[in-house]
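Visitor: Okay, here's the prediction I keep looking at, along with the sequence it came from:
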Amino acid sequence: MRRIALGGAALLAAACSAQAEVGVPAPAAATPVSYQADIVPLIESQCATCHLTGEEAGGISLVGDVARDFLVGKPSQEAPAIMRVVAGNPDASYLVMKLEGTHLANGGSGGQMPFGAPPLPPEQIAKVRQWIAEGAKP
Ligand code: HEC
């Protein structure tokens with residue numbers, strides 16, 4: 001008798017938790033990515049040491065105030081047919097290819113970024129992708 005009662009309680013608990021999961025909103029994507037709050041701190045901490053003025057290898061400054069001007073709608077040096085950032089289209093953006101290591105397969109050259117270091121964590125690359133998908137806005 002006791003065992004049956006416990007089983008019933010467990011079933012009830014399972015039913016309740018299943019119920020609770022319904023209506024929980026899907027994570028992420030709801031919050032838009034902010035260039036100033038999300039992207040600038042990322043590129044200034046991970047990239048700007050080597051991409052400071054735009055005169056260094058790669059020809060790109062990744063310092064917050066000017067990085068968008070070097071990225072959005074600008075042809076890459078390594079594969080000039082591919083723009084560094086195509087606003088609205090992360091898959092077509094050389095920046096994303098260099099972060100994900102797909103640049104060679106797309107006709108680019110050189111290493112995956114950040115150069116000589118482990119790739120960025122997937123959630124950081126996802127932020128860059130989302131920023132571009134949302135229009136690469138300032
Ligand atoms: C240790 C130095 C170093 C760091 C850190 C670094 N890069 Fe680079 N980057 C380079 C060098 C050198 C090149 C040119 C050779 C190559 O592509 O491997 C380059 C090339 C590039 C290019 C190609 C530019 C073009 O127009 O063809 C992009 C895009 C780029 N880097 C983005 C980044 C991003 C984004 C980060 C940060 C996540 C980053 N880099 C971090 C050294 C670095």
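Guide: Alright, I've got the coordinates.

Visitor: Apart from its neighbours in sequence, what residue is nearest the closest residue to the ligand within the chain?
Guide: Relative to the ligand, the nearest point of the chain is residue 110 (2.2 Å; C-beta to the nearest ligand atom). Glycine gets a C-beta too; all of them are placed from N, C-alpha and C. Among residues not flanking residue 110 along the chain, residue 78 sits closest, at 5.8 Å (C-beta to C-beta, 6 or more residues apart in numbering).

Visitor: what's near enough to touch the one you found?
Guide: Counting by C-beta atoms under 8 Å, 6 or more residues apart in numbering, residue 78 makes contact with 58, 94, 103, 108, 109, 110.

Visitor: My guess is the second one contacts residue 80. True?
Guide: No - proximity of residue 94 to residue 80 does not meet the contact threshold set by C-beta atoms under 8 Å, at 9.6 Å.

Visitor: follow-up on the earlier one: ok, now how distant is the residue nearest to residue 110 from residue 98?
Guide: From residue 78 across to residue 98, the span is 8 Å (C-beta to C-beta, to the nearest Å).

Visitor: What of residue 84?
Guide: Going from residue 84 to residue 98 by C-beta to C-beta gives 9 Å.

Visitor: for residue 89, same thing?
Guide: 15 Å.

Visitor: Likewise for residue 104?
Guide: For residue 104, the distance to residue 98 equals 10 Å [C-beta to C-beta].

Visitor: So which of those two has more stuff around it?
Guide: Taking other C-beta atoms under 10 Å, residue 104 and residue 98 do not tie; residue 98 has more neighbours (25 against 15).

Visitor: How about the contacts made by the more buried one?
Guide: Taking C-beta under 8 Å, 6+ apart, one finds 108, 110, 112, 113 in contact with residue 98.

Visitor: what do you get for residue 64?
Guide: 36, 40, 43, 44.

Visitor: Please name the nearest non-neighbouring residue to residue 56.
Guide: residue 50 (6.0 Å).

Visitor: and what of residue 70?
Guide: Among residues not flanking residue 70 along the chain, residue 60 sits closest, at 4.8 Å (C-beta to C-beta, 6+ apart).
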